[in-house]
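Student: For reference, the sequence and a predicted model appear below.
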Amino acid sequence: MVKVDIRQLNVWLKGNHVLKDITLTTKENAVTAIMGPSGCGKTTLLRAINRMNEIIAGCRTTGELYINGRNIYDGETNVYELRRSVGMVFQKPNPLPKSIFENVAFGVKIHKMANGESLASIVERSLKEVALWEEVKERLNDSAFSLSGGQQQRLCIARALAVNPEIILLDEPCSALDPIATAKIEALMRKLAEKYTVIIVTHNVQQAARVSDYVAFLYLGELVEYGPTKHVFENPQSKLTERYLTGEFG
Amino acid sequence: MSKVREKVLFAFLGIPTAICLGVFFWLASVLLSGFGTIKWNLLTASVLNGGYLEMIVGSAYLLLGAAGIASPVGVLAAIYLVEYAPRGRLTRVIDQAINNLAGVPSIVIGLFGYTFFCRQLGLGISLAAGWFTLSLMMIPIVIRGTEEAVRMVPNAFKEAALALGASKWRTVRSITAPSAAPGIITSILLGIARVAGETAAILFTSCVLVTRGLPKSPFEPVMALAFNLFVKIVALGESPDKVFGIAFILFLMVISLAAAATAFRIYYRRRQPWLK
């Protein structure tokens, strides 16, 4: 089923035309990777899906972006509710300056979804989903900064899962991590796709090949190619995609 | 040749250092003589019995009240300027106005306080008029310090909260403000230290030479250390060594406030790894 349906999306940041007429649809319960060289607009496209571009002054967006058939740019969408249902994980792990428990509980608290016992069980469930529970259950009140980088990133994923999202956006989630932590996050992404719609930005071609079901190739703000990962990698339609995949530029 | 020139230049650079050291030792000797004249039981004795109680408590009242006004105003203004106000000509004008306010001579602030708070608003020579006047001097310091503290909060924290669906105000309240709190408190302490020794601003707004006991309401005048020091020397012509005790207490107060601010900052820097 179609989850995110993007039509003629254009984004300008401080006068730069960053995304040009992007049209693509992503499937439910699949991992969609957005790849491309630095500065091609991958992150901007990802942040258009939860309207995080808006927090930058001088950002203008035109076009339509439907989630579950509703245009989130129709002027009536509640952006706070949108961001609850579209979770985001950032390039650098960014735990809040709070305890491990409070990091996961933060979103639940601001949306007043639970408290007391049920809050604790949501925190436990979320930490189990990212396979972090066993590592931290004895020290939930320690600062989140006491965790390693990979653990911090899984904590950030747990924080996004705690508020019952439908879509998870990951912006190069492994670029600040070592290979072992990266492998864990990649395995996690595959698992998350069973329950959520996962969209990941990466500049790492191998990573896109390993984790994604669909892949989009962006170049200079334009969508060059989009399709099932297997097709795109084995039989790229565009010369540019082929050159990118073979590492001629990147 | 050039080596000789360099040596001469360095020698000249040493002169200011020597002057600073000289001043420091002179101040230290002044303080030590103050230390000698102070009788510790006088700290809690009424001025009517030759003590300092009303001056010390009066000064504390003035500072706490002024901080009580300047802190919320300054902190909220700074958060607004950093987090909400759109950058533009107006905010540049406001920035400049804040700098100018910080640079206004205290005697001018005092005169403004007298005409506006004491006369116009009818507060008379009172504790309340002193609070408002002193808060005018504290506000720019609190705003500048808070602005800096708020800017130091990593963007990543704010993005994390916003991406979870927190409103901007919620993000400010539960993430930005608590993370900036140590810096904010430091700036308030520095603001208090800045006006702790202030004389001109309270000279004709809130102080009298002697009161019977402590003020019973904010609309009564108070005694203050700095004011007493000034009046005793200038108006009453007492010899400086007679007022060393007051000077010493005042000095201790200002120094300990500044030291508290520094200690506080160092302590919290260690607990905020993201500031490194």
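Tutor: Ah, there it is.
Student: and residue 135, what does it touch?
Tutor: Let's take chain A. A:Glu135 is in contact with A:Gln151, counting by Cβ atoms under 8 Å, 6 or more residues apart in numbering or on different chains. Quick note: C-beta positions are derived from backbone N, CA and C, even for glycine.
Student: that's the wrong chain, I meant chain B
Tutor: B:Ala66, B:Ala67, B:Ile69, B:Ala70, B:Val73.
Student: again, 10 Å this time
Tutor: B:65-71, B:73-74, B:113, B:142, B:191, B:195, B:201 (Cβ atoms under 10 Å, 6 or more residues apart in numbering or on different chains).
Student: In three-state terms, label the spatially most central residue of chain A for me.
Tutor: Using Cα atoms, centre = their mean, the residue of chain A that lies closest to the mean C-alpha position is A:Leu169, 1.5 Å off. Here A:Leu169 is recorded as strand under DSSP: H, G, I helix; E, B strand; the rest coil.
Student: Number of residues surrounding the closest residue to it other than its chain neighbours?
Tutor: Spatially, and ignoring its direct neighbours in sequence, A:Leu169 is nearest to A:Met88 (4.6 Å; Cβ to Cβ, 6 or more residues apart in numbering or on different chains). Using other Cβ atoms under 10 Å in any protein chain shown, the number of residues around A:Met88 comes to 25.
Student: quick one: A:Met88 and A:Val211, what's the gap?
Tutor: 17 Å (Cβ to Cβ, to the nearest Å).
Student: before we move on, what about B:Asp241?
Tutor: Distance from B:Asp241 to A:Val211, by Cβ to Cβ: 82 Å.
Student: of those two, who's got more company?
Tutor: Looking at B:Asp241 and A:Val211 with other Cβ under 10 Å, you find the greater number of neighbours at A:Val211, namely 24 against 11.
Student: I figured the more buried one was touching A:Val201, is that so?
Tutor: No. Judged on Cβ atoms under 10 Å, A:Val211 makes no contact with A:Val201 at a distance of 11.8 Å.
Student: what sits in contact with each of those two?
Tutor: The contact lists of A:Val211 and A:Val201 share A:Ala33, A:Leu170, where a contact means Cβ under 10 Å, 6+ apart.
Student: any idea where the helices of the stretch 151-276 of chain B begin and end?
Tutor: B:155-163, B:168-171, B:177-196, B:200-203, B:225-234, B:244-271 (DSSP state H, counting those that start in this stretch).
Student: Pick the most buried one from those.
Tutor: Among the helices of the stretch 151-276 of chain B, helix B:200-203 has the highest mean neighbour count (mean count of other Cβ atoms under 10 Å in any protein chain shown), at a mean of 25.
Student: what angle separates the strand or helix carrying B:Val23 from helix B:244-271?
Tutor: Taking DSSP states H and E as the definition, B:Val23 sits inside helix B:2-37. Counting by axes from the mean of the first three to the mean of the last three Cα atoms, to 10 degrees, helix B:2-37 points 120 degrees away from the direction of helix B:244-271.
Student: buried set for stretch A:107-125?
Tutor: Applying a neighbour-count criterion of 16 or more other Cβ atoms under 10 Å in any protein chain shown, one finds A:Gly107, A:Val108, A:Lys109, A:Ile110, A:His111, A:Met113, A:Ala114, A:Leu119, A:Ile122, A:Val123 buried in stretch A:107-125.
Student: just the residues you listed now: which is nearest chain B?
Tutor: A:Gly107 (3.9 Å; Cβ to the nearest Cβ).
Student: Point out the other helices and strands that the helix or strand encompassing that closest one packs with.
Tutor: A:Gly107 is part of helix A:100-110 when elements are defined by DSSP H and E. Applying 3 or more Cβ pairs under 10 Å, 6 or more residues apart in numbering or on different chains; DSSP states H and E, we find helix A:100-110 packed against helix A:79-85, helix A:116-129, helix A:133-136, helix A:149-161, helix B:155-163, helix B:168-171.
Student: want to throw those helices into CSV with mean pLDDT and distance to B:Gln96?
Tutor: Formatted as CSV, the helices and strands packed on helix A:100-110 follow (pLDDT from 0 to 100; distance: least, Cβ to Cβ, whole Å):
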stretch, mean pLDDT, distance to B:Gln96
helix A:79-85, 95, 35
helix A:116-129, 95, 48
helix A:133-136, 94, 50
helix A:149-161, 95, 41
helix B:155-163, 95, 26
helix B:168-171, 95, 26
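Student: so can I have CSV of these showing distance to B:Leu21?
Tutor: Supplementary listing: these in CSV, determined by distance: least, Cβ to Cβ, whole Å:
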stretch, distance to B:Leu21
helix A:79-85, 59
helix A:116-129, 59
helix A:133-136, 55
helix A:149-161, 49
helix B:155-163, 44
helix B:168-171, 49
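Student: for these, which one sits closest to A:Ala181?
Tutor: helix A:149-161 (2.7 Å; Cβ to Cβ).
Student: So which bits of the closest one are buried?
Tutor: In helix A:149-161, counting by 16+ other Cβ under 10 Å, buried: A:Gly150, A:Gln151, A:Gln152, A:Gln153, A:Arg154, A:Leu155, A:Cys156, A:Ile157, A:Ala158, A:Arg159, A:Ala160, A:Leu161.
Student: residue ranges with poor pLDDT in the stretch 1-150 of chain B?
Tutor: B:1, B:34, B:37 (pLDDT under 70).
Student: Any residue of stretch A:146-157 touching chain B?
Tutor: Yes. Legend: contact between stretch A:146-157 and chain B by Cβ under 10 Å from any Cβ of the partner chain is shown at A:Ser146, A:Cys156.
Student: could I get that stretch in CSV with only the CA atoms?
Tutor: Extracted in CSV, the C-alpha atoms of stretch A:146-157 (Å, rounded to 0.1, in the frame of the first residue of the first chain):
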residue,chain,number,x,y,z
SER,A,146,26.8,7.8,29.5
LEU,A,147,25.9,5.5,26.6
SER,A,148,28.1,4.7,23.7
GLY,A,149,27.4,6.3,20.3
GLY,A,150,25.7,3.2,18.9
GLN,A,151,23.6,2.9,22.1
GLN,A,152,22.7,6.6,21.9
GLN,A,153,21.4,6.1,18.4
ARG,A,154,19.3,3.2,19.3
LEU,A,155,18.0,5.2,22.3
CYS,A,156,17.0,7.9,19.8
ILE,A,157,15.2,5.3,17.7
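Student: Can you give the distance from it to the centre of its chain?
Tutor: 16 Å (Cα atoms, centre = their mean, to the nearest Å).
Student: for stretch A:89-98, same thing?
Tutor: Per Cα atoms, centre = their mean, the centroid offset for stretch A:89-98 relative to its chain is 13 Å.
Student: returning to what we had before: kindly state the beta-bridge partners for the residue nearest to the centre of chain A.
Tutor: Assessed by DSSP bridges, A:Leu169 has beta-bridge partners A:Met88, A:Ile199.
Student: Might one say that it is in contact with A:Val86?
Tutor: Yes. Under the criterion of Cβ under 10 Å, A:Leu169 makes contact with A:Val86 at 6.4 Å.
Student: so what sits against both of these two?
Tutor: A:Val4, A:Ile49, A:Asn50, A:Met52, A:Ala160, A:Thr197, A:Ile199, B:Ala163.
Student: what's the closest of these to B:Ile233?
Tutor: B:Ala163 (62.0 Å).
Student: list the contacts for the closest one?
Tutor: B:Ala163 touches A:47, A:50, A:52, A:55, A:83-84, A:86-90, A:94, A:107, A:156, A:159-160, A:169, A:171, counting by Cβ under 10 Å, 6+ apart.
Student: just A:Ser175 next, same as before
Tutor: Contacts of A:Ser175 by Cβ under 10 Å, 6+ apart are A:Gln91, A:Lys92, A:Thr182, A:Val201, A:Thr202, A:His203, A:Asn204, A:Gln207.
Student: tell me, which of the residues you listed make contact with chain B?
Tutor: A:Gln91, A:Lys92.
Student: Could you export the contacts of A:Ser175 to TSV, including columns for secondary structure, neighbour count and pLDDT?
Tutor: Output for these, formatted as TSV (DSSP: H, G, I helix; E, B strand; the rest coil; neighbours: other Cβ atoms under 10 Å in any protein chain shown; pLDDT from 0 to 100):
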residue	secondary structure	neighbour count	pLDDT
A:Gln91	coil	16	93
A:Lys92	coil	16	93
A:Thr182	helix	19	94
A:Val201	strand	25	96
A:Thr202	strand	24	93
A:His203	coil	16	87
A:Asn204	coil	16	90
A:Gln207	helix	21	94
